[in-house]
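Engineer: model this:
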Amino acid sequence: MDTGSIQATDFMFTAQDLQLITRKGLTVENIESQLQSFEKGFPPLDIIEPAVPGNGIVCLDREEQDELAGMYEQWNGSRIKFVPASGAASRMFKDLFEARELLVKDRHIRLSEHVEEFFDRLKEFAFYPTLSLMEGFDPQDRVGILNLLLDKDGLNYSFLPKGLIPFHKYPFAARTPFEEHLVEAALSSVQPDRTVRVHYTVSEEHMHLFEELWNNVGKRYEERFGVRFVITFSTQSPATDTVAADMDNLPFRRNDGSLVFRPGGHGALLENLNTLKEDMVIIRNIDNVVPESLLEPIIHWRKVMAGYLLRCRRQVYTYINELKQGAEALRLKEMAVFLEKTFGLTHPSVEEEEFRSYLFSRLSRPVRVCGMVPVTGEPGGGPFRVRDKDGGVSLQILESVQLQGKRYESTHFNPVDIVCSFKAYDGTTYKLPDFRDDDTGFISFKSLEGRELKALELPGLWNGGMSRWNTAFVEVPICTFNPVKTVMDLLRKEHNN
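Structural biologist: Residues are numbered from 1 along each chain as shown. All right, here's what the predicted structure looks like:
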């Protein structure tokens, strides 16, 4: 193949560029579209107001909770838990990396309060028994402890994903988040035939480690709960990578002249989600887990949210069938009210026949029920009412970067606890990319080889990636949200009981 430059509209691509683009499953048109996004940017959202209880967020009393949980428990449809699990643990240990640099210069230096607490309470961590038995462990050698914890000659936690780090202590062995999700699924999403389906998205380099852990512990958990697990894994497709740009919005190239591609963010996992065929999908982040003894409220609310989804979906199917049979005008008004009350929608002004078509389109969408917890200062996307391009208003989860620097008096935020369905009324499965808003991507600034670059992230999985879904927000208690963002979070009572 000719190694010279090849013209592709406004950009010059070499034969090596084209080989790389093809190898990733992309096209020149994809790359040009991404570069145009750097040039144009993304339009600001028309944010109306935060969703709050009584105006976008549903608060359920105990009687309603029990009714909905019972509805789910009686349901015999297929279900699967979807766990994004590719996140690296390196960010968990950021403070420890910085502390090690300081200790190398001065082994007697007084470290930050958090790091001093780490060493003072080292024995309380679930990984301590393994760490303490390693060759060369010296409880007085803080640099040595950090080397054993972080480096490849030790536990190698700087390389591992969060899902494989021991989080919780038990009498006979520690448990990783991977295992805690198995337990939670066994207690909340077992099917009538006693199978439990869990799908983990992992990085390719860690796939064999997850498979090895599953092969080692799977039988134990199946016997413990009397179930059969169906565990599947997937990795983020290279076709979801995005090209990096320089400050002139041209393709960023390394010093050797090669193009730079970056992962498209968690929005790229929409393609992984799109492969699932079950009637119900439960989404929960890998680091949002608790020990088994604290699972009761989490299981309860999972069932409540699932029951709420089933009730919404049943009514949606009923209305779609009525529309197909020529529902009368009075019934159309009832459908509009249902969409307003259930999914927080307001509707554009259109004539009756056009309105009938609009209702059919609006009902024929994936459905998601999102748990919302009261604001506590934890980072996370928030629930908002946003004006759509057709003039109507819908419920959306927005990240802080989408707020354009504005401050809102929000009462709740999204802990990424979602129960959803993308089964259409006729039993087919919706194609999820059809319901993504491509105008809600992100541009961030990074550096490589001493030069600034622009990175493009796809519309977030539960943000723009689900923008055109029918969305319901349900208030859930803060005890259902227990993320581990730093190693010190493992010392909280929710993880260290």
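Engineer: By residue count, tell me the biggest helix in the protein.
Structural biologist: When the chain is parsed with DSSP state H, its longest helix is helix 296-324.
Engineer: which stretches of the stretch 351-497 of the chain form helices?
Structural biologist: 352-363 (DSSP state H, counting those that start in this stretch).
Engineer: Which parts of the stretch 151-300 of the chain are helices?
Structural biologist: For the stretch 151-300 of the chain, the helices defined by DSSP H, counting those that start in this stretch occupy 177-188, 207-225, 270-273, 296-324.
Engineer: Mind giving me the packing neighbours of the longest one?
Structural biologist: It stands for helix 296-324. helix 62-74, helix 177-188, strand 280-284, helix 329-343, helix 352-363, strand 367-374, strand 417-421, strand 470-475 (3 or more CB pairs under 8 Å, 6 or more residues apart in numbering; DSSP states H and E). Glycine gets a C-beta too; all of them are placed from N, C-alpha and C.
Engineer: The last one pairs with which strands, parallel or anti?
Structural biologist: This points to strand 470-475. If you go by DSSP bridges, strand 470-475 pairs up with strand 56-58 (parallel), strand 367-374 (parallel).
Engineer: Same check on the third one?
Structural biologist: Strand partners for strand 280-284, identified by DSSP bridges, are recorded as strand 79-84 (parallel), strand 417-421 (antiparallel).
Engineer: So for residue 450, which of those sits nearest?
Structural biologist: Residue 450 sits nearest to strand 79-84 of all these, at 32.1 Å, using CB to CB.
Engineer: which outside residues touch the closest one?
Structural biologist: 163, 181, 184-185, 189, 191, 196-201, 266, 269, 272-273, 276, 278-286, 306, 461 (CB atoms under 8 Å, 6 or more residues apart in numbering).
Engineer: quick one: residue 387 and residue 395 touch, right?
Structural biologist: No: between residue 387 and residue 395 there is no contact under CB atoms under 8 Å: 11.7 Å.
Engineer: Among those two, which residue is more densely surrounded?
Structural biologist: residue 395 (22 against 14; other CB atoms under 10 Å).
Engineer: Settle this for me: the more buried one is touching residue 52, isn't it.
Structural biologist: No: using CB under 8 Å, residue 395 is not in contact with residue 52, being 11.5 Å away.
Engineer: ok so, going back, buried ones in the longest helix of the chain?
Structural biologist: 298, 300-313, 316, 319-320, 322-323 (16 or more other CB atoms under 10 Å).
Engineer: what does stretch 81-89 give?
Structural biologist: Per 16+ other CB under 10 Å, stretch 81-89 contains these buried residues: 81, 82, 83, 84, 85, 86, 87, 89.
Engineer: what's near enough to touch the closest residue to residue 385 other than its chain neighbours?
Structural biologist: Of all residues not flanking residue 385 in the chain, residue 48 sits nearest, at 4.3 Å (CB to CB, 6 or more residues apart in numbering). The contact partners of residue 48, taken as CB under 8 Å, 6+ apart, are 384, 385, 386, 387, 393.
Engineer: for the stretch 51-200 of the chain, what are the low-confidence residue spans?
Structural biologist: Residue ranges of the stretch 51-200 of the chain with pLDDT under 70: none are present.
Engineer: now do 90
Structural biologist: Applying pLDDT under 90 to the stretch 51-200 of the chain picks out residues 86-91, 105-111, 158, 172.
Engineer: For residue 329, state which of the buried residues of stretch 81-89 is nearest.
Structural biologist: Checking the buried residues of stretch 81-89 against residue 329 by CB to CB gives residue 82 as the nearest, at 40.2 Å.
Engineer: Can you show me the strands along the stretch 351-497 of the chain?
Structural biologist: 367-374, 382-387, 393-398, 412-413, 417-421, 442-448, 451-457, 470-475 (DSSP state E, counting those that start in this stretch).
Engineer: Lowest average pLDDT across those strands?
Structural biologist: Averaged per stretch, pLDDT over the strands of the stretch 351-497 of the chain is lowest on strand 442-448, reaching a mean of 87.
Engineer: Next, the angle strand 451-457 makes with that one.
Structural biologist: 150 degrees (axes from the mean of the first three to the mean of the last three CA atoms, to 10 degrees).
Engineer: Residue 362 contacts residue 471, doesn't it?
Structural biologist: No: counting by CB under 8 Å, residue 362 does not reach residue 471; the two are 12.0 Å apart.
Engineer: who's more crowded, the two?
Structural biologist: Using other CB under 10 Å as the criterion, residue 362 and residue 471 rank with residue 471 on top: 27 against 22.
Engineer: leaving aside the residues next to it on the chain, what's closest to the more buried one?
Structural biologist: Residue 471 sits nearest to residue 395 (CB to CB, 6+ apart), 4.4 Å away.
Engineer: which ones are touching the one you found?
Structural biologist: Here residue 395 is in contact with 51, 56, 343, 344, 345, 383, 384, 385, 386, 471, 472, 473 (criterion: CB under 8 Å, 6+ apart).
Engineer: Which member of the buried residues of stretch 81-89 is positioned nearest residue 327?
Structural biologist: After measuring those against residue 327 - CB to CB - the closest member comes out as residue 82, at 34.4 Å.
Engineer: hmm, back to that, let me know the closest of the contacts of residue 395 to residue 235.
Structural biologist: residue 471 (27.8 Å).
Engineer: is that closest one in a bridge, and if so with what?
Structural biologist: residue 368.
Engineer: give the contact list for it.
Structural biologist: 343, 344, 367, 368, 370, 394, 395, 396, 397.
Engineer: still on that earlier bit, report the mean confidence score over the longest helix of the chain.
Structural biologist: For helix 296-324, the mean confidence score works out to 97.
Engineer: Just the endpoints, please. Distance across stretch 73-91?
Structural biologist: 38 Å (CA to CA, to the nearest Å).
Engineer: Check stretch 408-417 too.
Structural biologist: Its first and final residues considered, stretch 408-417 spans 22 Å by CA to CA.
Engineer: cool, stretch 145-157 as well?
Structural biologist: The first-to-last residue distance of stretch 145-157 comes to 12 Å (CA to CA).
Engineer: domains of the chain?
Structural biologist: 5-40, 46-88+165-491, 91-159 (automatic domain parsing).
Engineer: Point out the other helices and strands that the helix or strand encompassing residue 17 packs with.
Structural biologist: Element membership for residue 17 (DSSP states H and E) is helix 15-23. With contacts taken as 3+ CB pairs under 8 Å, 6+ apart, helix 15-23 sits against strand 5-8, helix 28-40.
Engineer: After the longest one, which helix or strand is next? Please name it.
Structural biologist: As assigned by DSSP H and E, the chain's next helix or strand after helix 28-40 is strand 46-50.
Engineer: next one: that next one to chain centre, how far?
Structural biologist: Offset of strand 46-50 from its chain centre (CA atoms, centre = their mean, to the nearest Å): 23 Å.
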